[in-house]
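J.: Return atomic coordinates for the entry below.
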Amino acid sequence: MTAHVALDPELAAALQQALPGPSALLDFTDMPASRTRMAARRPLLPPGEAVAVHDRLVPGPAGAPEIRLRIYRPRAVPAAQTMLPALYWIHGGGMVMGNLDGDNARLSEVVEQVGCVAVSVEYRLAPENPHPAPVEDCYAGLVWTAAQADELGIDAARLALGGASAGAGLAAATALLARDRGGPALVFQLLIYPMLDDRNLTPSSYEITDVGIWDRATNIGGWTALLGEQVGTDAVSPYAAPARARDLSRLPAAFIDVGTADLFRDEDIDYAQRLMQAGTPTELHVYPGAFHGFDGMAPGARLTVAARAARIVALRHALQG
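T.: This is a model prediction of the structure:
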């Protein structure tokens, strides 16, 4: 990492305590073992007590296996609000890791503070399941959620989608699919430091090389796992790498945040600007000295508290008005 990319002191202290991170633990030639190592370093939290949670197996894409959805609903719902807005959520993990359990705490907080339902999708992971399997799973789960809105107690007219990191990239791609296929109407995209561009050509993608969380080498590994020999070529679909999309019009309003020490910084800022230029209402936050995944690494840090609050406010405004 070049010297001018400085870390916020609170975040730097948390990072120092947490290393080694993915850059040291990931081996893309043996992802099952890598997933086991990563899972052992991250304690999984249960859902909050104020949230009722259940899993559903639902139809996947044509010819593909069923997919698992996890549905979070506030236990205390006023009688006049039986139909709640919803956030359709896609977990992160660089396209190669992650599962439903990793976001129990995050989604419990959203459900409690926003007053909505959350539906989280377990999609197939690369490299065992390269593009388009992950995004097609995400889209199939979204279609099922919208179709079953009445059963789930969801107001289909107030349906947002979101994700973090690779999940945010998949969310952006799913929004493109929904637009282009005439799929479910969406009111909002919550894109938390999204993974959008397989080309790795931006200045920040060259600057951020040794933070130890998700750096240039691991990012190239994740994209290669998803795209194989097509990575970085003109053959890559915008439904795999949304930064490739030439037309960003007619998409739902967006919220994007990223840190200055995140290798996704420049591609995220560019995507936000292009959304604005296409007429999409877009809110962009760039946090000084924040690295990729800073909020999970340092939950009590000043920047984390600010970022989480901004996301909740934006989502509440989009879903509740």
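J.: For the lowest-mean-pLDDT helix or strand in the chain, which outside residues touch it?
T.: Ranked by mean pLDDT, DSSP states H and E, the weakest helix or strand in the chain is helix 22-25, scoring a mean of 74. With C-beta atoms under 8 Å, 6 or more residues apart in numbering as the test, helix 22-25 has contacts from 34, 37-38, 41, 94, 210-215, 217-218. Quick note: C-beta positions are derived from backbone N, CA and C, even for glycine.
J.: now residue 290, what's its secondary structure?
T.: Three-state assignment for residue 290 (DSSP: H, G, I helix; E, B strand; the rest coil): strand.
J.: Give me the pLDDT value at residue 203.
T.: For residue 203, the pLDDT comes out at 97.
J.: what about it, distance to residue 213?
T.: Residue 203 sits 18 Å away from residue 213, going by C-beta to C-beta, to the nearest Å.
J.: do the same with residue 117
T.: Distance, residue 117 to residue 213, using C-beta to C-beta: 31 Å.
J.: Of these two, which one has the most company?
T.: Between residue 117 and residue 213, counted using other C-beta atoms under 10 Å, the more crowded position is residue 117 (30 against 22).
J.: And for the longest helix seen in the chain, what's in contact with it?
T.: Secondary structure of the chain per DSSP state H: the longest helix is helix 302-320. Outside helix 302-320, the residues within contact range by C-beta under 8 Å, 6+ apart are 8, 10-11, 85-87, 109-110, 113-116, 158, 160, 162, 187-188, 190, 192, 253, 255, 257, 259, 283, 285, 287-290, 294-295, 298.
J.: cool, and stretch 48-66?
T.: 47, 67-76, 100, 104-105, 107-109, 111-112, 124, 133, 136-137, 139-141, 144.
J.: show me what contacts residue 277?
T.: With C-beta under 8 Å, 6+ apart, residue 277 has these contacts: residue 248.
J.: picking up where we left off before, quick check on the contacts of helix 302-320: which are buried?
T.: 8, 10-11, 85-87, 109-110, 113-116, 158, 160, 162, 188, 190, 192, 253, 255, 257, 259, 283, 285, 287, 289-290, 294-295, 298 (16 or more other C-beta atoms under 10 Å).
J.: Among the residues you listed, which lie within helices?
T.: 10-11, 109-110, 294-295.
J.: And the helices in the protein?
T.: Using DSSP H, helices in the chain cover 9-18, 22-25, 31-40, 104-110, 133-147, 149-152, 166-180, 203-207, 216-227, 265-277, 294-297, 302-320.
J.: Which of those helices comes out lowest on mean pLDDT?
T.: Taking the mean pLDDT of the helices of the chain, helix 22-25 comes last: a mean of 74.
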